[in-house]
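Trainee: Next comes the sequence, and after it the predicted model I'd like to discuss.
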Amino acid sequence: MNKKITIIGFVAAVVAFAPASPSTASDKGGDDVKPDEVATGLATPLHLALGTAKSIYVSQDFAGKLSRVNRGGTVDDVYTSPKPGWDVAGVDTRGATTFFLESTGAGLGKPENLEGYLEAISPNGDVRTIANFADYEREENPDGNQEYGFGDDVSDACLQQWPKESPAPARYTGTVDSHPYALAVQGNTAYVADAGMNAILTVNLRSGEISTLAVLPPRPTVIPEAAARPEAEGGLGVPACVAGHEYAFEPVPTDVEIGPDGWLYVSSLPGGPESPALGDRGAIFRINPWNGRTKVWVDYILSPTGLAVADNGDVYAASLFGNQILKFHAGKGHRTEFLAVNQPADVEIQGRTLYATTDVLPAMLGPEPPAGPPPATGKLIKASIR
């Protein structure tokens, strides 16, 4: 399935539904957190990373830029994609080297045009390509044997009624689709969350060799009767015969972080509408980096697009359309609201300070990336996690 062209298109497409969808209840945090503004004037800042000398890197995805926020809040562009329509996504640092992802998402609607790379930029601005994800997807298609959609309990006659214009077929297996979206670097390994492959990949930073660590499992949801209503009435316009049956949605990884326990923490959007029709279906997975074993850690999260893990194991997640940053306590994952803020997309932690990008989606955005530069309404903030 072409996941609405790119993950960015997905989040823009569902913004109209978000205010009406109450997120899963979260306790209010005990601390009165007051954030400070670090930088403004950012265009769709969907990713961030903490560098050396107190510098902060932000990807301005729609603008195809990788930018550095310096002390005092000044912003310098360190890389601008020379290819129109490409997005610069996940970013991380190791020493003086900055690693980032650049791609066309799902080939801008044409799988044959699929391109996506892991790149590195040196302090003097030299850029080198390390890995080619599109070629890997064409050769391996990690989720190619994974089944999505309805199971055998839904009749063929019912499946024939499924809307042909739906971006997700009634029943299918993983298609050729790659969108390298988030990145975490440790030693000589880069962990990459690919939102098209539905997989977490490892990249050897010396050789560029790519391997599949884990394919995220499908996210089944029972289709309620209300989903048969027209979209104008809050439904999805699906045939009534599918009500009560499970639809296995694609899992769409949005961030990957390395916890103090050595495990990977991966946030995931549901590969379908996040609206009142189906509810809050995002999740955070834990993945064993040694054998790829994957399990859901917490779920029922509204649009988790970025996360960070503190030294004590607490996990902070940006709920983009929940308009809050959630705190999941180490261990069993009990959730509290850490901070109410408008449209947070990514979070990172340094010491006792949490950084977050907010106000990331201008009101003018529709379901497709804009033809021209988007309004620079995004912000970078910080807050103490005490």
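Mentor: Good, I have the coordinates. Residues are numbered from 1 along each chain as shown.
Trainee: what's the straight distance from one end of stretch 336-350 to the other?
Mentor: In stretch 336-350, first residue to last residue: 20 Å (CA to CA, to the nearest Å).
Trainee: let's number from 24 now, not from 1
Mentor: Let's use 24 as the start, then, which means that last one is stretch 359-373.
Trainee: what's across from residue 329 in the sheet?
Mentor: residue 341 (DSSP bridges).
Trainee: Give me the local confidence score for it.
Mentor: The confidence metric pLDDT takes the value 98 at residue 329.
Trainee: How about the contacts made by it?
Mentor: Residue 329 makes contact with 69-70, 205, 277-278, 290, 340-341, 367-370, 380, according to CB atoms under 8 Å, 6 or more residues apart in numbering. (C-beta placed from N, C-alpha, C; glycine too.)
Trainee: Now render those residues as TSV, adding distance to residue 211, pLDDT and neighbour count.
Mentor: What follows is the contacts of residue 329, written out as TSV (distance: CB to CB, whole Å; pLDDT from 0 to 100; neighbours: other CB atoms under 10 Å):
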residue	distance to residue 211	pLDDT	neighbour count
69	26	97	32
70	22	98	31
205	19	98	29
277	25	98	30
278	21	99	27
290	25	98	28
340	28	98	30
341	29	98	30
367	31	98	29
368	28	98	26
369	24	99	30
370	26	99	28
380	28	98	31
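Trainee: For the stretch 174-323 of the chain, which segments are assigned as helices?
Mentor: 179-182 (DSSP state H, counting those that start in this stretch).
Trainee: so where's it shaky on pLDDT?
Mentor: Where the stretch 174-323 of the chain drops to pLDDT under 70, the residues are 298-299.
Trainee: And the residue nearest the centre of this protein?
Mentor: When CA atoms, centre = their mean is applied to the chain, the residue found nearest the centroid is residue 277 (2.0 Å).
Trainee: Which residues are in contact with it?
Mentor: Taking CB under 8 Å, 6+ apart as the test, what residue 277 contacts is 30, 204, 205, 216, 218, 290, 291, 292, 327, 328, 329.
Trainee: Filter these down to just the ones in strands.
Mentor: 204, 205, 216, 290, 291, 292, 327, 328, 329 (DSSP state E).
Trainee: For the fourth one, which residues count as its bridge partners?
Mentor: With DSSP bridges as the criterion, the beta-bridge partners of residue 290 are residue 278, residue 307.
Trainee: Would you confirm that it contacts residue 339?
Mentor: No: counting by CB atoms under 8 Å, residue 290 does not reach residue 339; the two are 10.6 Å apart.
Trainee: re the thing from before, in JSON lines: the contacts of residue 329, plus distance to residue 254.
Mentor: Shown next, in JSON lines, are these (distance: CB to CB, whole Å):
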{"residue": "69", "distance to residue 254": "26"}
{"residue": "70", "distance to residue 254": "31"}
{"residue": "205", "distance to residue 254": "30"}
{"residue": "277", "distance to residue 254": "25"}
{"residue": "278", "distance to residue 254": "29"}
{"residue": "290", "distance to residue 254": "27"}
{"residue": "340", "distance to residue 254": "28"}
{"residue": "341", "distance to residue 254": "27"}
{"residue": "367", "distance to residue 254": "27"}
{"residue": "368", "distance to residue 254": "26"}
{"residue": "369", "distance to residue 254": "30"}
{"residue": "370", "distance to residue 254": "32"}
{"residue": "380", "distance to residue 254": "30"}
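Trainee: OK, contacts around residue 263?
Mentor: With contact set as CB under 8 Å, 6+ apart, residue 263 has these partners: 248, 251.
Trainee: The host helix or strand of residue 100: which residues count as buried?
Mentor: Following DSSP states H and E, the helix or strand that holds residue 100 is strand 98-103. Across strand 98-103, burial judged by 16 or more other CB atoms under 10 Å covers 98, 101, 102.
Trainee: Now do the next helix or strand after it and strand 98-103, the angle between them.
Mentor: Next helix or strand after strand 98-103 toward the C-terminus (DSSP H and E): strand 110-117. The directions of strand 110-117 and strand 98-103 differ by 110 degrees, with axes from the mean of the first three to the mean of the last three CA atoms, to 10 degrees as the criterion.
Trainee: got a list of contacts for strand 110-117?
Mentor: So strand 110-117 is contacted by 29, 31, 69-75, 80-85, 87-89, 102, 104, 121-128, 203-208, 213, 215-216, 278, 392 (CB under 8 Å, 6+ apart).
Trainee: Over to stretch 266-275?
Mentor: The contact list for stretch 266-275 (CB under 8 Å, 6+ apart) reads 24, 26, 30, 33, 166, 170-174, 176-177, 191, 197, 218, 221, 239-248, 250-251, 291-295, 304, 306, 308.
Trainee: Flag every buried residue along that stretch.
Mentor: Buried, per 16+ other CB under 10 Å, within stretch 266-275: 269, 270, 271, 272, 273, 274, 275.
Trainee: Ends of stretch 181-198, what's the gap?
Mentor: Stretch 181-198 has an end-to-end distance of 23 Å (CA to CA).
Trainee: what's the distance between that stretch and the middle of its chain?
Mentor: 24 Å (CA atoms, centre = their mean, to the nearest Å).
Trainee: Does the nearest residue in space to residue 78 that is not next to it in sequence belong to a helix, a strand or coil?
Mentor: In space, and not counting its chain neighbours, residue 78 is closest to residue 91: 5.3 Å by CB to CB, 6 or more residues apart in numbering. Three-state call for residue 91 (DSSP: H, G, I helix; E, B strand; the rest coil): strand.
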